[in-house]
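**Q** coordinates only, no sequence provided:
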Ligand code: SF4
Ligand code: SF4
């Protein structure tokens, strides 16, 4: 388990809301910590089902019916490109939009070495070209460096989904240079290139720490167009809106970060917020769930279906269970393998994975809205 307590990781908990005049979620504690009913996946699904949704292609509010109506009578994987591992829920931050309900209190859910080894074996069998590491803060898992070393030695492209602030904690300050040596792509979350939007969602002081971490990455060659030092930023809206146009946002962000802070990066990806976990809580508190779900359905885009990440990604949780994506993972919707039902990653079988039907619920409308949304950003132009 992680030695988070030993590290004295600075916790970024609720900020001074009075000083932030912005419409959007603010930091919080985990739903689990507060014993919120929304900590239960069943309650999250029930809240989404309770919204009256007589809109979209079939006006049924049934995601799979809308997908079928759009020319997809079944929703199955295409090919396994990305093996995504969620190493645990422990995080040094407690962002309000977090779909994982991560935080410093989530110390129990961390992948152990035996499960990491089972993942490595499954990666060998899978043929996936990319290993995508997420959390929580994946770097806090004590097996993180072992896993990265093993899979880079296998020739896989490795992505670290990094919250940036963790790189400013003393114990993890070696990571930018360590990543650079191994060609790890660093995909960093930063809600906005301005301080206000970032600190409102992630906590006071986050912006300054994020800039410090970006400069550390720039210093070792990240963000300068080198494919072995790729630095990607991820933005998600602060509020009940869909992600903006990714291409024009990228130009705006590159100009602003360069001009104001002499920071550079390679790519920006813009994600929709998924109506689940702490973002769902915020929507309910503000009475905006109905509006947001209607916004997602009004923007339902059938041309995103072919590129849904559940069609080319396997998601594995800290305890080795398998899911269609990180969102289904957080809703505990394990993959139903034909004739087998639930399997552990140690029993991974590519043919069975290719044959299974993807499980969907209403949160899936977050992936098909507008230009679409996936771990790689917009799905269509
Ligand atoms: S959004 Fe990311 S950085 Fe924020 S609490 Fe969740 S896992 Fe941690
Ligand atoms: S939430 Fe997951 S299962 Fe649903 S459409 Fe998105 S990627 Fe696919």
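**A** Now that the structure is in, tell me what you want to look at. Here the structure is a predicted model, which is why all the values come from computation and not from measurement. Residues are numbered from 1 along each chain as shown. Ligands and ions are numbered 1, 2, ... in the order given.
**Q** show me which residues of this structure sit near ligand 1.
**A** 91, 93, 94, 95, 98, 100, 102, 135, 136, 137, 163, 189 (C-beta under 6 Å from any ligand atom). For the C-beta atoms, the positions are set from N, CA and C on the backbone; glycine is no exception.
**Q** give the contact list for the residue of the stretch 151-300 of the chain found nearest ligand 1.
**A** Using C-beta to the nearest ligand atom, the closest approach of the stretch 151-300 of the chain to ligand 1 is made by residue 163 at 3.5 Å. Contacts for residue 163 (C-beta atoms under 8 Å, 6 or more residues apart in numbering) come out as 91, 92, 93, 137, 188, 189, 202.
**Q** and residue 294, by the same measure?
**A** Neighbours of residue 294 in contact, by C-beta under 8 Å, 6+ apart: 53, 55.
**Q** helix or strand for it, which one?
**A** helix 289-298 (DSSP states H and E).
**Q** mind listing the helices for this structure?
**A** 4-7, 41-49, 63-69, 113-126, 144-153, 175-182, 195-202, 206-219, 246-261, 277-285, 289-298, 326-330, 350-355, 365-368 (DSSP state H).
**Q** could the ones you listed go into a markdown table alongside mean pLDDT and distance to ligand 2?
**A** Below are the helices of the chain laid out as a markdown table (pLDDT from 0 to 100; distance: least, C-beta to the nearest ligand atom, whole Å):
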| stretch | mean pLDDT | distance to ligand 2 |
| --- | --- | --- |
| helix 4-7 | 28 | 29 |
| helix 41-49 | 95 | 12 |
| helix 63-69 | 97 | 7 |
| helix 113-126 | 98 | 18 |
| helix 144-153 | 98 | 22 |
| helix 175-182 | 98 | 27 |
| helix 195-202 | 79 | 21 |
| helix 206-219 | 96 | 26 |
| helix 246-261 | 94 | 17 |
| helix 277-285 | 90 | 13 |
| helix 289-298 | 96 | 11 |
| helix 326-330 | 93 | 4 |
| helix 350-355 | 96 | 14 |
| helix 365-368 | 96 | 3 |
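**Q** to residue 87, which of those lies closest?
**A** Nearest of the helices of the chain to residue 87, taken as C-beta to C-beta: helix 144-153 at 6.5 Å.
**Q** related to what we said a few turns ago, so can I have JSON lines of the helices of the chain showing distance to residue 311?
**A** Below are those laid out as JSON lines (distance: least, C-beta to C-beta, whole Å):
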{"stretch": "helix 4-7", "distance to residue 311": "35"}
{"stretch": "helix 41-49", "distance to residue 311": "22"}
{"stretch": "helix 63-69", "distance to residue 311": "11"}
{"stretch": "helix 113-126", "distance to residue 311": "15"}
{"stretch": "helix 144-153", "distance to residue 311": "22"}
{"stretch": "helix 175-182", "distance to residue 311": "28"}
{"stretch": "helix 195-202", "distance to residue 311": "29"}
{"stretch": "helix 206-219", "distance to residue 311": "31"}
{"stretch": "helix 246-261", "distance to residue 311": "20"}
{"stretch": "helix 277-285", "distance to residue 311": "23"}
{"stretch": "helix 289-298", "distance to residue 311": "19"}
{"stretch": "helix 326-330", "distance to residue 311": "13"}
{"stretch": "helix 350-355", "distance to residue 311": "11"}
{"stretch": "helix 365-368", "distance to residue 311": "11"}
